[in-house]
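Asker: Got a predicted model here, sequence first, then my questions.
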There are 2 protein chains.
Amino acid sequence: MLFNTFSCVLIRRTCAYRVTTYTHYSVKPWKKLRICEALSTQEIGTQVRIQGWVRSVRSQKENLFLHVNDGSSLQSLQVVASAELNCRNLTFGSSVEVSGNIVKSPHKKQAVELKADQIRVIGECDPVDFPFKVKERHALEYIRQFPHLRCRTNAFSSLLRVRSEASSAIHSFFRENHFVQIHTPVISSNDCEGAGEIFQVEPAVQDKTLDEESHHFFSVPAYLTVSGQLHLEVMAGAFPRVYTFGPAFRAETSHSRRHLAEFYMVEAELSFTESLEDLLTVMENLFKFTTECLLSRCAEDMELYHKYVAPGHKERLDLMLKEKFKVITYTEAIDLLSRSSQKFEFKTEWGCDLQTEHEKYLVRHCGSVPLFVINYPYELKPFYARDNEDQPRHTAAAVDLLVPGVGELFGGTLREERLEVLRTRLARAGLEESLQWYLELRRFGSAPHGGFGMGFERYLQCILGVENIRDVVPFPRSPDSCIL
Amino acid sequence: MLFNTFSCVLIRRTCAYRVTTYTHYSVKPWKKLRICEALSTQEIGTQVRIQGWVRSVRSQKENLFLHVNDGSSLQSLQVVASAELNCRNLTFGSSVEVSGNIVKSPHKKQAVELKADQIRVIGECDPVDFPFKVKERHALEYIRQFPHLRCRTNAFSSLLRVRSEASSAIHSFFRENHFVQIHTPVISSNDCEGAGEIFQVEPAVQDKTLDEESHHFFSVPAYLTVSGQLHLEVMAGAFPRVYTFGPAFRAETSHSRRHLAEFYMVEAELSFTESLEDLLTVMENLFKFTTECLLSRCAEDMELYHKYVAPGHKERLDLMLKEKFKVITYTEAIDLLSRSSQKFEFKTEWGCDLQTEHEKYLVRHCGSVPLFVINYPYELKPFYARDNEDQPRHTAAAVDLLVPGVGELFGGTLREERLEVLRTRLARAGLEESLQWYLELRRFGSAPHGGFGMGFERYLQCILGVENIRDVVPFPRSPDSCIL
């Protein structure tokens, strides 16, 4: 009993502690605003406090002008102070806290500015060593060399806001359409899709006393996922609509501007779905919904890219949103290509895969709007693609969405839901034993279903007009490069 | 010119194709409803069509009764039909499409039922081979053996809905509080935290012609992330609030009911933050916001767990939500433990880490509500924890949140933002060279900052009362187990 009383005191003491620590943060009585809030406030005269990083310093005889940015918007807040408040360490890149009054700005570019009473430099920044220079527009290739600092540039902080909003919009789209989110695993014992271009996983420090067999941490070889599709198909046996949005991996050694070793994928699976058309509708709606969200929620950030990184891209994007996406069959695409006067490096015969040069031609030819190509040769598609059972040109119910500038953005198929058809195909590929569980999905209450995947980084490239995929991901991983 | 005309025709033909395929899906004129929509419809008499999986079949002389579930809710829809509509393959587990009229139900348990005109079995299910039996409540350990089928049980489909909603609520919490989401990388060249218990990554098929040095795909050894913290700290140099929510990995060989090799973590980082108290507030709010969302959005699913899996847990959870979380210092915790009459296996001396038995005692002792333990011995915490510079008991500004039943749920620290203090500590740990980039964050506009991480699976265990972490994740990965 005595003991209980003691502990109560303890708890109360810690409550007191909590109140005390609050004061750390409220030494100054001024209302703390984010910079985007300060920029749009109507309350002229209010005393406020802002925190952020200095984007420019200009000292005149009597006045000091700063631009301070805190990442809440592309725009910085102009701070005006008496020249006396200037000091040696108030430089480009330093972090500051500024207190003062919101006043009307005499400039057209902004409605308000902050008249500072107090400026406190929190963290210094040596402008000589800092790789970015004040008011300079650095090329994306240049800032890419500094993955730990590039978020401090306008271009990359805009990218990160757009990426965050895009991620949020994608989740909203699926949520509003009654999809259940599934965290499909990153580590998988299933290697049948990646064939050769997959990463394997083992503990960094391995127990050397074990023999070859018991050597594996998971007792079997384990790999990084190349797609969550098969796991989503499991879930499509209990939910008519599921999706996953997470990392996927390819050990490709190409140094292309469209490939990463680690990238994000949006994948969806729909049950009780018998036509490709259903998938096409979801893909088109996902693209348009997300893009329209971004144009409205990140207007400034999108504009930066459309103005400085890819001039003219806004018009191309508007066209993609306005027009209904086009659809052609693979057979029609081959027909178009072989009738073209353009000379292609790769063959354009029925049965050959479409190459980048073909994709570009088709998109341009169809009006530079996104183009669905459907019903690919059966032999070109993986074991799970549904057999269209057509002749003599045997196709599978598969679709790729090609978009201007980027090429393939989505890929999807109806899945083979018929037990016997699937069993035969798996047996032919020598996969019947390892994919016994996948066959079982067809034994117990199977339903026609289909799904698709979208490369998230390629989507960002497509809407922003960014050439190199390394410029739309926070920490790019590609052959020979894994910085930080 | 001729050619262009031709292609226009192509496009038009494919448009025609699109319209045709629509009809695949609309053979039946009835409005398609999800089961949760059918259950709550007010429109008695409407003709509808539903799709799902049979959860029970009962045939009487004149009537046939089915329960059909489509994963949109825990509750199934009762279907009543003439016994003539029964057939051999209409069994538990099969997938069906039912058309009919919504009628008032004579039963108290449901407002409406579906009077069927037509029942179509889409996918059969052999009830002998199917591992789950009609109306049987299978133990979580039993259903865990069938990772490809367990989503078809009530318990696991409830879990998946809760997990999806929890994920969505967490994103909403951060979004509403102006955090920018960052996709921190899964593959990282940074191994300083995991020390020994990390996974390494290389292509499954390696180029044998290369020597040891150039052997690595990324040219350096690469690992699976154990935490996104250091990468988030990068971003905290441009945004005052960032978070990440993704997979993390530990190559721990323990077969504990609280550990997985692959798990999800929520991590947040706050800039311009000088007190632990700020972090405590965000952690508590995140926990309460998310849990309240779930209790309101997934009431039925939560109830299933609170009724059948962990009876009495609802009251414990309500208490956690009602009470303010308690706070004690590590020193006070040690004091409490050493004065306790309970005998502990592990030491309770100042400087020793808290063990599970200690954590359990502390939480129980403080009223079985979540308990923050703050200011741990400096030597127990990693290099990035901020030095409290106190004496003689030297502590760091670190916090753990302990919760009933689960133990440590959150861990956080203020980060050492002072260049020289950090440099000295890194040098002592032999990390100065490899973490040069991390030091640079303190050279260029550093700001006091701090953050925390929460294990997402442990959170689900905590709110649902689930004993084993393998029962709250779609595809569990642990030593010797990586199924599918």
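Answerer: Great, that's in hand. Numbers count the residues shown, from 1 in each chain, chains lettered A, B, ... in the order given.

Asker: ranges for the helices of the stretch 301-450 of chain A?
Answerer: With helices called from DSSP state H, counting those that start in this stretch, the stretch 301-450 of chain A shows them at A:313-322, A:330-339, A:356-365, A:419-428, A:436-443.

Asker: Put together TSV for those helices, with mean pLDDT, mean neighbour count and distance to chain B on each row.
Answerer: Where you see a C-beta, it was placed from the backbone N, CA and C, and this is true even at glycine. Listed next are the helices of the stretch 301-450 of chain A as TSV, based on pLDDT from 0 to 100; neighbours: other C-beta atoms under 10 Å in any protein chain shown; distance: least, C-beta to the nearest C-beta, whole Å:
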stretch	mean pLDDT	mean neighbour count	distance to chain B
helix A:313-322	97	15	15
helix A:330-339	97	19	5
helix A:356-365	96	18	6
helix A:419-428	96	15	9
helix A:436-443	96	18	4
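
Asker: Output those in JSON lines; the columns should cover distance to residue B:117.
Answerer: Shown next, in JSON lines, are those (distance: least, C-beta to C-beta, whole Å):
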{"stretch": "helix A:313-322", "distance to residue B:117": "42"}
{"stretch": "helix A:330-339", "distance to residue B:117": "40"}
{"stretch": "helix A:356-365", "distance to residue B:117": "46"}
{"stretch": "helix A:419-428", "distance to residue B:117": "29"}
{"stretch": "helix A:436-443", "distance to residue B:117": "28"}
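
Asker: so which of the ones you listed comes closest to residue B:233?
Answerer: Smallest distance to residue B:233 across the helices of the stretch 301-450 of chain A (C-beta to C-beta): 32.9 Å, for helix A:313-322.

Asker: Tell me who's in contact with residue A:168.
Answerer: Going by C-beta atoms under 8 Å, 6 or more residues apart in numbering or on different chains, residue A:168 touches B:171, B:175, B:181.

Asker: so how far is residue A:241 from it?
Answerer: In this view, residue A:168 and residue A:241 are 19 Å apart by C-beta to C-beta, to the nearest Å.

Asker: so after the worst-scoring helix or strand of chain A on mean pLDDT, what's the next helix or strand?
Answerer: Ranked by mean pLDDT, DSSP states H and E, the weakest helix or strand in chain A is helix A:2-25, scoring a mean of 33. Downstream of helix A:2-25, the first helix or strand assigned by DSSP states H and E is strand A:31-32.

Asker: now for the helices of the stretch 301-450 of chain A, which one comes closest to residue B:456?
Answerer: Nearest to residue B:456, of all the helices of the stretch 301-450 of chain A, is helix A:436-443, at 25.5 Å by C-beta to C-beta.

Asker: what comes into contact with the closest one?
Answerer: Helix A:436-443 is contacted from outside by A:230, A:233-234, A:237, A:417-419, A:422-423, A:426, A:432, B:123, B:125-126, B:129, B:147-149, B:484, using C-beta under 8 Å, 6+ apart.

Asker: Kindly report the same for stretch A:88-96.
Answerer: Applying C-beta under 8 Å, 6+ apart, the contact partners of stretch A:88-96 are A:51-57, A:66, A:68, A:119-127, A:130, A:132-134, A:152, B:272, B:444-447.

Asker: Which residues are in contact with residue A:308?
Answerer: Applying C-beta under 8 Å, 6+ apart to residue A:308 gives the contacts A:137, A:155.

Asker: can you tell me how far it sits from residue B:238?
Answerer: For residue A:308 relative to residue B:238 (C-beta to C-beta), the value is 19 Å.

Asker: Quick check: chain neighbours aside, which residue is closest to residue A:361?
Answerer: Nearest residue to residue A:361 in three dimensions, chain neighbours excluded: residue A:342, at 6.0 Å (C-beta to C-beta, 6 or more residues apart in numbering or on different chains).

Asker: neighbours around the one you found, how many?
Answerer: 12 (other C-beta atoms under 10 Å in any protein chain shown).

Asker: Distance check, it against residue A:400.
Answerer: 20 Å.

Asker: ok so, going back, for ChimeraX, write the select line for the buried members of the contacts of residue A:168.
Answerer: Command for ChimeraX that selects the buried part of those, burial taken from 16 or more other C-beta atoms under 10 Å in any protein chain shown:
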select /B:171,175,181
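
Asker: low pLDDT regions in chain A?
Answerer: Along chain A, segments meeting pLDDT under 70 span A:1-29, A:192-196, A:207-214.

Asker: Kindly report the domain assignment for it.
Answerer: A:32-123, A:151-471 (automatic domain parsing).

Asker: looking at the ones you listed, which is buried most?
Answerer: Comparing the domains of chain A by mean neighbour count (mean count of other C-beta atoms under 10 Å in any protein chain shown), domain A:151-471 ranks first with a mean of 19.
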